[in-house]
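*Asks:* structural data only, the sequence is not supplied:
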């Protein structure tokens, strides 16, 4: 992959099954700047690239910090990071990308579940530094699974940070009906974590009347899809006029690759946005966890790593 090489300066066990990795340039030079909500692609090993959110203060120029959950259900990235990456190792990474930026608002509500704290913590750092009005609510099953506990309790955050544990007393548990009881057009909501946690926050906000444009989310993995009814369809390449059949059980990206049409991919789950391709004609069957509902409704782009077609043919801007 293109990008830059960095050294693992420090590895820290932040919580049960969560480790952080501090990455620095090989020559001590500043790293490319980033903003709250950004992530980097990490080449964990040859042929295996994964995305990890940057969780340190964006004002820091000499290092990137990522947090990685060891997930036994992963496709190999997190296990490889935990078992194979040590201090002093050199990794290849991309420049920072941000698909989850903070929007200007009078007030901000941050919700994190589990490893979803990584981009949310960077947001909290930026908001606290600017003196903004915000609250951060971090939910885990138990205290042992709460990553970056020391940073979250730092004096700079004051009373803005709230920790919630499934095993704790009822009074300390996350009370979304109360927190989201009054929709406020000057407040934006950000949520990251497991799919069920994100759905809980998003559905609670929707039930209370919050505008979807005020609710921002980032998935770390896509939901399982029922593929039993999948059928074949065609994709046409606008530049060449060539048409290819995508059978059930194959992805658009893989069929195109077999025919010499390269579409950059990374997560292959419809999460990272790397493979987004413009659709000039036809109707996609969106299966990503990246686009908003409004973006999907426009049907002018899709993720060929997972999405399919509702029409007989998709004409792609390739």
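*Replies:* Yep, that arrived. Predicted model, so just to flag it, every value in this text is computed and none were measured. Numbering: from 1, shown residues only.

*Asks:* check what pLDDT residue 224 gets.
*Replies:* Residue 224 is assigned 67 on the pLDDT scale.

*Asks:* again with the one 4 residues further on
*Replies:* Listed pLDDT for residue 228 reads 81.

*Asks:* that one: what secondary structure?
*Replies:* Following DSSP: H, G, I helix; E, B strand; the rest coil, the label given to residue 228 is coil.

*Asks:* likewise for residue 162?
*Replies:* Counting by three-state DSSP, the backbone at residue 162 sits in strand.

*Asks:* from memory it sits against residue 138, does it?
*Replies:* Yes - the pair residue 162 / residue 138 is scored as a contact, 7.2 Å apart, by C-beta atoms under 8 Å. Using the backbone N, CA and C atoms, a C-beta is placed for each residue, glycine as well.

*Asks:* how does the chain divide into domains?
*Replies:* 4-93, 107-219, 233-316 (automatic domain parsing).

*Asks:* which parts of the stretch 51-200 of the chain are helices?
*Replies:* Ranges of helices in the stretch 51-200 of the chain, per DSSP state H, counting those that start in this stretch, are 77-84, 117-130, 149-152, 176-179, 195-207.

*Asks:* which non-adjacent residue is nearest residue 314?
*Replies:* The shortest distance from residue 314 to any non-neighbouring residue, by C-beta to C-beta, 6 or more residues apart in numbering, is to residue 282 (3.9 Å).

*Asks:* how many neighbours does the one you found have?
*Replies:* Close neighbours of residue 282, defined as other C-beta atoms under 10 Å, add up to 19.

*Asks:* could I get the average pLDDT for stretch 132-152?
*Replies:* For stretch 132-152, mean pLDDT rounds to 95.

*Asks:* just the terminal-to-terminal distance for it.
*Replies:* One end of stretch 132-152 to the other measures 16 Å (C-alpha to C-alpha, to the nearest Å).

*Asks:* how about the contacts made by the residue in the chain sticking out farthest from the centre?
*Replies:* Going by C-alpha atoms, centre = their mean, the residue of the chain most distant from its centre is residue 241, 34.6 Å out. Listed by C-beta atoms under 8 Å, 6 or more residues apart in numbering, residue 241 has no contact partners.

*Asks:* next one: phi and psi at it?
*Replies:* Residue 241 adopts backbone torsions of phi 80, psi 0, taken as degrees, to the nearest 10.

*Asks:* what about it, distance to residue 27?
*Replies:* To residue 27, residue 241 is 48 Å away according to C-beta to C-beta, to the nearest Å.

*Asks:* now residue 214
*Replies:* Distance from residue 214 to residue 27, by C-beta to C-beta: 43 Å.

*Asks:* who has more neighbours out of these two?
*Replies:* Higher neighbour count among residue 214 and residue 27: residue 214, with 18 against 7, using other C-beta under 10 Å.

*Asks:* list the strands paired with the longest strand along the chain, with their directions.
*Replies:* Longest strand in the chain, counting residues (DSSP state E): strand 4-15. With DSSP bridges as the test, strand 4-15 is paired with strand 18-25 (antiparallel), strand 90-93 (antiparallel).

*Asks:* closest to residue 65 out of the ones you listed?
*Replies:* Each of these has some distance to residue 65 by C-beta to C-beta; the shortest is strand 18-25, at 5.2 Å.

*Asks:* quick one: the closest one to chain centroid distance?
*Replies:* In this view, strand 18-25 has its centroid 18 Å away from the chain centroid, taken as C-alpha atoms, centre = their mean, to the nearest Å.

*Asks:* pLDDT of it, averaged?
*Replies:* Mean pLDDT, strand 18-25: 97.

*Asks:* show me what counts as buried in that strand.
*Replies:* Residues of strand 18-25 classed as buried: 18, 19, 20, 21, 22, 23, 24, 25 (neighbour count, 16 or more other C-beta atoms under 10 Å).

*Asks:* residues in contact with the nearest residue to the fifth one once chain neighbours are set aside?
*Replies:* Right, the one you point to is residue 22. Nearest non-adjacent residue to residue 22, counting by C-beta to C-beta, 6+ apart: residue 10, 4.1 Å away. Taking C-beta under 8 Å, 6+ apart, we find residue 10 in contact with 20, 21, 22, 87.

*Asks:* closest to residue 254 out of those residues?
*Replies:* Among the contacts of residue 10, residue 21 lies closest to residue 254 (C-beta to C-beta), at 30.7 Å.

*Asks:* pretty sure the closest one is touching residue 63, no?
*Replies:* No - counting by C-beta under 8 Å, residue 21 does not reach residue 63; the two are 10.2 Å apart.
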